[in-house]
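Peer 1: Provided below are the primary sequence and the corresponding predicted coordinates.
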Amino acid sequence: MTVPKQNNFKVHFTELLYQATEKILPPNCEIFLELARPKQVEHGDYSSNIALQLARFLHKNPKEIAQSLIQLLPDSPYLEKAEVAGNGFINLFLKKSAKQQFLLQVLQQGSFFGTTDIGKGKQIQVEFVSANPTGPLHVGHGRGAAYGASLANILRANGYSVTREYYVNDAGRQMDILTLSTWLRYLELCGVSIPFPGNAYQGEYVIDMAKMIKKAHGDRYVHEPHELIARVPPASESSISNEDEQLDELIQVAKKTLSEDYAYIHQFVLTEQLGDCRNDLMEFGVEFDTWFSEQSLFDNGSIAKVIAMLEKNNMLYQQDGALWFRSTRFGDEKDRVVQRENGQYTYFASDIAYHLNKFERGFSHIINVWGADHHGYIPRVKGAMQALSLDPKKLEIALVQFAVLYRDGKKASMSTRSGEFVTLRELRKEVGNDAARFFYVLRKSDQHLDFDLDLAKSQSNDNPVYYVQYAHARINSVITQWGEAVSILSNAPTDSLSNEAELTLIQKLIDYPDTLEAAAKERAPHFLAFYLKDLASAFHSYYNSTRFLVPEQELKLARLALIAAIQQVIANGLNLLGVTAPNEM
RNA sequence: GUGCCCGUAGCUCAAUCGGAUAGAGCACCAGCCUUCUAAGCUGGGGGUUACAGGUUCGAUUCCUGUCGGGCACGCCA
């Protein structure tokens, strides 16, 4: 017996039903033929609502239509029976032998089981995290990292050629503020006492960097404080915009005072923070193919080039001394500045150049993973793509909501500026990488995530990570006690697997490729997480009801083949989510 | 105020283009270790899917309004 195309019974049955439907399909009617997995076992392994959809076009009773469709179904070695349910659903039942046989496919394909080729090798870029290198990653970035990395893995497993990219904002004002902050801390350390501005970076890591500079260069960057003190903004009273202006003045003072030394400190803090970020992510199992520098877009003239292109297309105009992009033409609420009155390009300008660059690199599809607080930014970027005659449909923005940490039932605060945030590193240390990765993708990405720290680190059955991992470890333990080579199981006799629990488990394994495919199409790693919890649950139940290492040789091998296949699928799924599959716990 | 997202069991969340009796986990109650890991399993109670209309064979899902929550509305990034 051979299994159908793509090892997929769902595809096969869909094809059968399609052939039947074609024979009675009236012209010009739009219907969707897709099989569903019924919630209830009496409704078979796959079901179709096609007859209900056809009813309005054929002006006939859905039940009658379903009945004739069943008559028209081509023969199939995998179809046990087809039934019409009371209201017109068609329920299809998979042959027991087909299920039993399928099991061996899982073992034979091993770590490749479940992968599909729907991506057809298309070049797809996933850009994620892209946090400003102005401080440690916090738990919000962590969610983007876990989501993006899992999504990239899932896309790759579905036949896409994936490039993971981190856009490094190394050119903007925030970097200047960090540079200034570090220098001011350095001056403090060198005995130059001046107030530290409230809107500069407050974190302890800034002082650490200042210490490193002092250790390496002594007092080389110390300058007379008189001018600085005069420029430091007053502690409170002043308005926010006023404080910002004063900070900008301070930056100018620093640049003038330090001269070429400013570039050194700027480079030092960038290297330091980016390195820290990279290590943090690497330890988290998140790696990138490309680290793309925003500064490079300035240096190689890309921004000037793209501005010229927009100008040529009559997409820009001058007003109030600034240069504006006509984003309202593309549905944005207002036009946006690309070049400021002072001649500097805005972040938006470099972002336009960046996105043009992405398309020029030949990606057929681009996914940006953004924090949901950037959602208002989407229309202008898509507008810019249109203004450059690029297809905005090829640019997809996946929004990831913030994660809110809960400890002892109450919120843990996070604010990068105030310095009292929970870093990703702290989170990883507290709950472990596995729990962090799993918890992050346990929710739909565009939903708020309540991250329960106490639950994530509890070594109990409440913890879904351990629950799934435990299933894997348990199976390993059984197989170890059996003591023979797992490889012989991929040709084991499976006819004796016939009780309901066993057939249900096999059907769950059959569902895995569909789940993986859906996770890719819907950009939804949480599909996988839920699937794994489900599979683990079915296994634990089976484990408690049935003994595997029984005297009957054939039955023993069959059951071992089943649990080995479950173990394989758990390992495959966890691997895509960046979670380890331990052999012992 | 305007725009986008959301509102499902006491809590945290699912529900594959609109489908069959809206599902899990936690918490609560009652059980299961002389047997392959109890980080496990079995059983039980728990719902007007925020509210009011509309579309249709059929709505948690689509449309309108109301209420409630989050985010965004810079020549910041």
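Peer 2: Alright, I've got the coordinates.
Peer 1: okay, now the closest residue to RNA strand B within the stretch 301-450 of chain A: neighbour count?
Peer 2: Closest contact between the stretch 301-450 of chain A and RNA strand B, by C-beta to the nearest atom of the strand, is at A:G376 (2.6 Å). Just so you know, the C-beta spots here come from the backbone N, C-alpha and C atoms, and that holds for glycine as well. Neighbour count for A:G376, taken as other C-beta atoms under 10 Å: 9.
Peer 1: contacting residues for it?
Peer 2: Applying C-beta atoms under 8 Å, 6 or more residues apart in numbering to A:G376 gives the contacts A:E333.
Peer 1: For it, give me the pLDDT.
Peer 2: The model reports A:G376 with a pLDDT of 91.
Peer 1: a strand runs through it, doesn't it?
Peer 2: No - read with DSSP: H, G, I helix; E, B strand; the rest coil, A:G376 is helix and lies in no strand.
Peer 1: The nearest residue to A:E584 once chain neighbours are set aside is in what secondary structure piece?
Peer 2: Excluding the flanking residues, the one nearest A:E584 by C-beta to C-beta, 6 or more residues apart in numbering is A:A473, at 5.6 Å. Per DSSP states H and E: A:A473 is located in helix A:464-482.
Peer 1: Export only the CA atoms of that helix, formatted as CSV.
Peer 2: Provided in CSV are the C-alpha atoms of helix A:464-482 (Å, rounded to 0.1, in the frame of the first residue of the first chain):
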residue,chain,number,x,y,z
PRO,A,464,2.2,23.0,30.0
VAL,A,465,5.9,22.9,29.0
TYR,A,466,6.7,20.2,31.4
TYR,A,467,3.5,18.4,30.5
VAL,A,468,4.6,18.1,26.8
GLN,A,469,8.3,17.4,27.6
TYR,A,470,7.3,14.8,30.2
ALA,A,471,5.4,12.8,27.5
HIS,A,472,8.6,12.7,25.5
ALA,A,473,10.7,11.7,28.4
ARG,A,474,8.3,9.0,29.5
ILE,A,475,8.3,7.5,26.0
ASN,A,476,12.1,7.5,26.0
SER,A,477,12.1,5.7,29.3
VAL,A,478,9.8,2.9,28.0
ILE,A,479,11.9,2.4,24.9
THR,A,480,15.1,2.3,26.9
GLN,A,481,13.6,-0.4,29.1
TRP,A,482,12.6,-2.3,26.0
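Peer 1: which residues are contacting it?
Peer 2: Residues outside helix A:464-482 that contact it (C-beta under 8 Å, 6+ apart): A:434-435, A:438-439, A:442, A:456, A:459-461, A:486, A:529, A:532-533, A:535-537, A:539-540, A:543, A:548-549, A:556, A:560, A:563-564, A:566-567, A:570-571, A:574, A:579-585.
Peer 1: try 7 Å
Peer 2: Residues from elsewhere that reach helix A:464-482 (C-beta atoms under 7 Å, 6 or more residues apart in numbering): A:434-435, A:438, A:442, A:459, A:461, A:486, A:532-533, A:536, A:539-540, A:543, A:548-549, A:560, A:563-564, A:566-567, A:570-571, A:574, A:579, A:581-585.
Peer 1: Over to stretch A:536-549?
Peer 2: A:467-468, A:471, A:474, A:478, A:481-482, A:501, A:504-505, A:508, A:556, A:559-560, A:563, A:566, A:570.
Peer 1: Quick check: mean pLDDT of it?
Peer 2: Stretch A:536-549 comes out with an average pLDDT of 95.
Peer 1: Tell me which helix or strand comes right after the lowest-mean-pLDDT helix or strand in chain A.
Peer 2: Between all helices and strands in chain A, the lowest mean by mean pLDDT, DSSP states H and E belongs to helix A:226-231, at a mean of 63. Sequence order places helix A:240-258 as the next helix or strand after helix A:226-231, per DSSP H and E.
Peer 1: Surely A:E430 touches A:F451?
Peer 2: No - using C-beta atoms under 7 Å, A:E430 makes no contact with A:F451, being 10.9 Å away.
Peer 1: Between those two, which is the more surrounded one?
Peer 2: Per other C-beta under 10 Å, whichever of A:E430 and A:F451 has more neighbours is A:F451, with 26 against 15.
Peer 1: That one - that's part of a strand, no?
Peer 2: Yes - judged by three-state DSSP, A:F451 forms part of a strand.
Peer 1: what about it, distance to A:A524?
Peer 2: Note on A:F451: its distance to A:A524, by C-beta to C-beta, to the nearest Å, is 18 Å.
Peer 1: quick one, what contacts the spatially most central residue of chain A?
Peer 2: Among the residues of chain A, A:Y147 comes closest to the average C-alpha position under C-alpha atoms, centre = their mean, at 2.3 Å. Listed by C-beta under 7 Å, 6+ apart, the contact partners of A:Y147 are A:V369, A:V400, A:Y440, A:V441, A:S445, A:P525.
Peer 1: Which ones among the residues you listed lie within helices?
Peer 2: Residues of the contacts of A:Y147 located in helices (DSSP state H): A:Y440, A:P525.
Peer 1: will you turn the contacts of A:Y147 into TSV that also has pLDDT, neighbour count and distance to RNA strand B?
Peer 2: Converted to TSV, those look like this (pLDDT from 0 to 100; neighbours: other C-beta atoms under 10 Å; distance: C-beta to the nearest atom of the strand, whole Å):
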residue	pLDDT	neighbour count	distance to RNA strand B
A:V369	96	24	14
A:V400	92	25	11
A:Y440	94	30	12
A:V441	94	27	10
A:S445	90	24	8
A:P525	95	29	11
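Peer 1: Nearest to A:E22 among the contacts of A:Y147?
Peer 2: Among these, A:P525 lies closest to A:E22 (C-beta to C-beta), at 36.2 Å.
Peer 1: so the closest one touches A:L151, yeah?
Peer 2: Yes - the criterion here is C-beta under 7 Å, and A:P525 meets it with A:L151 at 5.9 Å.
Peer 1: re earlier: report pLDDT for the residue nearest to A:E584.
Peer 2: Per-residue confidence at A:A473 stands at 96 (pLDDT).
Peer 1: do the same with the one 10 residues further on
Peer 2: Here, the pLDDT recorded for A:G483 equals 93.
Peer 1: nearest residue to A:N499 other than its sequence neighbours?
Peer 2: For A:N499, ignoring the flanking residues on the chain, the nearest one in space by C-beta to C-beta, 6+ apart is A:T546 at 7.7 Å.
Peer 1: and if you look at A:R437?
Peer 2: Spatial nearest neighbour of A:R437, excluding adjacent residues (C-beta to C-beta, 6+ apart): A:G578 at 4.5 Å.
Peer 1: count of residues packed around the one you found?
Peer 2: Using other C-beta under 10 Å: A:G578 sits among 22 other residues.
Peer 1: Also A:L189?
Peer 2: For A:L189, the neighbour count with other C-beta under 10 Å is 16.
Peer 1: got a list of what it touches?
Peer 2: By C-beta under 7 Å, 6+ apart, the residues touching A:L189 are A:A210, A:K211, A:K214.
Peer 1: Repeat the analysis, applying 6 Å as the threshold.
Peer 2: A:A210, A:K214 (C-beta atoms under 6 Å, 6 or more residues apart in numbering).
Peer 1: Next one: it from A:M212, what distance?
Peer 2: Distance from A:L189 to A:M212, by C-beta to C-beta: 10 Å.
Peer 1: same question, A:K305
Peer 2: Distance, A:K305 to A:M212, using C-beta to C-beta: 38 Å.
Peer 1: what's the answer for A:S296, then?
Peer 2: Here A:S296 is placed at a distance of 26 Å from A:M212 (C-beta to C-beta).
Peer 1: what does A:L323 give?
Peer 2: A:L323 is 40 Å from A:M212, where distance means C-beta to C-beta.
Peer 1: Looking at those two now, which is surrounded by more residues?
Peer 2: Shown here are A:L323 and A:M212; by other C-beta under 10 Å, A:L323 has more neighbours (20 against 15).
Peer 1: for chain A, which spans come out with low pLDDT?
Peer 2: Within chain A, the segments meeting pLDDT under 70 span A:1-7, A:226-242, A:413-421, A:461.
Peer 1: can you give me the strands for it?
Peer 2: Taking DSSP state E to define them, one finds strands in chain A at A:46-48, A:79-84, A:90-94, A:123-127, A:161-168, A:290-293, A:316-319, A:322-325, A:336-339, A:365-371, A:395-400, A:403-407, A:410-412, A:449-452.
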